[in-house]
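>>> got a structure for you, letters missing:
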């Protein structure tokens with residue numbers, strides 16, 4: 001006990017060194033973990049930003065596709081109208097050709113084939 005009383009300053013100094021060493025080791029471990037967490041957080045944010053950019057790109061592509069689709073549908077509608085007009089004109093032309101053929105047949109029966 002006398003030894004402890006005589007050298008209490010040295011003993012507390014050594015104990016303080018030991019405790020500070022372990023505390024420093026613990027602090028380094030904590031700082032390392034914080035740096036690791038910070039790196040993971042930054043990576044997560046970067047990945048999240050990438051995903052948001054992809055989402056915006058997909059949204060823009062979807063809008064473009066929808067625009068192209070509506071344009072093609074409008075073109076298809078106008079082509080259907082054009083086809084209907086052509087079919088109507090074709091029907092009229094067939095009837096005109098049939099009438100002309102009847103008139104030509106009448107002319108041939110009346111005046112003959114050779115003119």
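The structure has been received and is ready for your questions. All values derive from a computational prediction rather than experimental measurement.
>>> neighbours of residue 11, just the number please.
Using other Cβ atoms under 10 Å, residue 11 is surrounded by 13 other residues. (C-beta placed from N, C-alpha, C; glycine too.)
>>> what of residue 19?
Residue 19 - counted by other Cβ under 10 Å - has 10 other residues nearby.
>>> can you give me the neighbour number for residue 54?
Neighbours of residue 54 using other Cβ under 10 Å come to 10.
>>> and the host helix or strand of residue 55, what's its mean pLDDT?
Under the criterion of DSSP states H and E, residue 55 resides in helix 8-111. The pLDDT scores in helix 8-111 average 92.
>>> roughly how far is that helix from the heart of the chain?
2 Å (Cα atoms, centre = their mean, to the nearest Å).
>>> which secondary structure elements does that helix contact?
The criterion is 3 or more Cβ pairs under 8 Å, 6 or more residues apart in numbering; DSSP states H and E, and there are no helices or strands that helix 8-111 contacts.
>>> at 10 Å what do you get?
Packing partners of helix 8-111 (3 or more Cβ pairs under 10 Å, 6 or more residues apart in numbering; DSSP states H and E): helix 2-6.
>>> okay, the residue nearest to the spatial centre of the chain and residue 79: tell me how far apart.
The C-alpha lying nearest the average C-alpha coordinate of the chain belongs to residue 58 (Cα atoms, centre = their mean; 1.5 Å). Residue 58 sits 31 Å away from residue 79, going by Cβ to Cβ, to the nearest Å.
>>> residue 61 too?
Taking Cβ to Cβ, one finds residue 61 at 26 Å from residue 79.
>>> equivalent analysis for residue 20, please.
Residue 20 is 86 Å from residue 79, by Cβ to Cβ.
>>> what's the answer for residue 34, then?
For residue 34 relative to residue 79 (Cβ to Cβ), the value is 67 Å.
>>> all good on my end, thank you.
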